[in-house]
Every structure is written in C-alpha cells, then in structure tokens.
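Student: Sequence isn't available, so here's the structure alone:
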C-alpha cells in the first residue's frame with residue numbers, strides 16, 4: 001500500500017509582495033514528493049484558512065517578511081482551529097526577530113525558519129511531525 005502524500009499549503013499573507021522564498025520552499029516540498037498548494041500573494045488569514053480547509057492539508061507554511069507575523073500568524077491558527085483543523089501544523093518562514101519566536105510558538109506555530117535555513121530542514125520537520133500525528 002502506498003504512503004499518503006503530505007499535503008502542504010504555502011501562503012503569503014498581508015501586503016508582503018516578496019514571494020521568492022515561498023516559491024523556493026514550495027518547489028522543494030514538491031520535489032520531495034509532497035503535494036503543494038501555493039495560494040499566491042496578498043492573502044487574508046480568512047482566505048488562507050479557507051483554502052487549507054478546502055484542500056484538506058496536513059500543514060500550512062506561512063511566508064512573511066512584512067513584520068505583521070505576530071498578528072497574522074495567530075489569526076490564521078485561530079481560524080484553523082475554528083474550522084476543526086486542530087491537527088494542521090503551521091510553520092513560518094521569513095524575517096522574524098528572534099525575540100518573537102517564543103510568542104509565535106506559544107500561539108501554535110510548530111517551527112519558525114529564518115533566512116538561510118536549508119529546505120531540507122523544512123522537509124524533515126514535515127515528514128517527522130506529520131508522520132507522528134498519523
């Protein structure tokens with residue numbers, strides 16, 4: 001029996017228009033055998049949570065460089081929970097000050113990936129965490 005593919009939604013919330021990092025991660029996840037849905041630029045938390053629900057994803061990757069991570073990420077997590085997606089992992093990548101990481105994790109972010117992180121680290125996290133919940 002074949003193993004279920006990990007489904008990941010990669011999203012760019014807010015007004016941030018820099019999507020190179022999101023596209024690099026999306027391609028690396030796809031190349032690692034995962035199903036990837038990329039929402040595109042300027043998504044609202046509501047749009048991201050709705051897409052995650054519709055696509056029945058295992059994880060949501062948020063790429064954010066705008067500085068609004070402490071507002072947008074918790075809102076996305078709250079919306080996922082409101083939609084019954086309590087097992088959906090949320091990981092964040094981008095320009096996140098080190099002092100904000102504990103707050104994001106307290107709010108439900110599984111991991112924060114800073115600039116220069118290897119895509120292999122993201123792949124490994126998803127494989128380990130999704131496998132442990134199935």
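Tutor: Done, it's in. Just so it is clear, the structure is predicted and the values come from calculations on it, not from any experiment. Residues are numbered from 1 along each chain as shown.

Student: what about the strands in this protein?
Tutor: In the chain, the strands defined using DSSP state E lie at 7-11, 35-38, 59-64, 89-94, 111-113.

Student: what lines up beside the third one in the sheet?
Tutor: It stands for strand 59-64. Here strand 59-64 has these sheet partners by DSSP bridges: strand 7-11 (parallel), strand 89-94 (parallel).

Student: and those strands as TSV, adding mean pLDDT, mean neighbour count and distance to residue 21?
Tutor: Heads up, the C-betas are built off the backbone N, CA and C, glycines and all. Below are those laid out as TSV (pLDDT from 0 to 100; neighbours: other CB atoms under 10 Å; distance: least, CB to CB, whole Å):
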stretch	mean pLDDT	mean neighbour count	distance to residue 21
strand 7-11	97	25	10
strand 89-94	96	22	6
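
Student: The one residue sitting closest to the centre of the chain and residue 79, how far apart?
Tutor: Residue closest to the average C-alpha location in the chain (CA atoms, centre = their mean): residue 61, at 1.2 Å. Distance of residue 61 to residue 79, computed by CB to CB, to the nearest Å: 16 Å.

Student: go on, residue 113?
Tutor: Distance of residue 113 to residue 79, given as CB to CB: 22 Å.

Student: count of residues packed around residue 87?
Tutor: By other CB atoms under 10 Å, 11 other residues sit near residue 87.

Student: Next, the contact list for it, please.
Tutor: If you count contacts by CB atoms under 8 Å, 6 or more residues apart in numbering, residue 87 has them with 58, 133.

Student: Model confidence at it, what's the number?
Tutor: Each residue has a pLDDT score; the one for residue 87 is 95.

Student: Give the full set of residues in contact with the residue nearest to residue 8 when sequence neighbours are not counted.
Tutor: Spatially, and ignoring its direct neighbours in sequence, residue 8 is nearest to residue 59 (4.8 Å; CB to CB, 6 or more residues apart in numbering). Each residue near residue 59 by CB under 8 Å, 6+ apart is listed here: 6-9, 88-91, 110, 126, 129-130.

Student: Among these, which one sits closest to residue 119?
Tutor: Of all the contacts of residue 59, residue 126 has the smallest distance to residue 119: 10.7 Å, by CB to CB.
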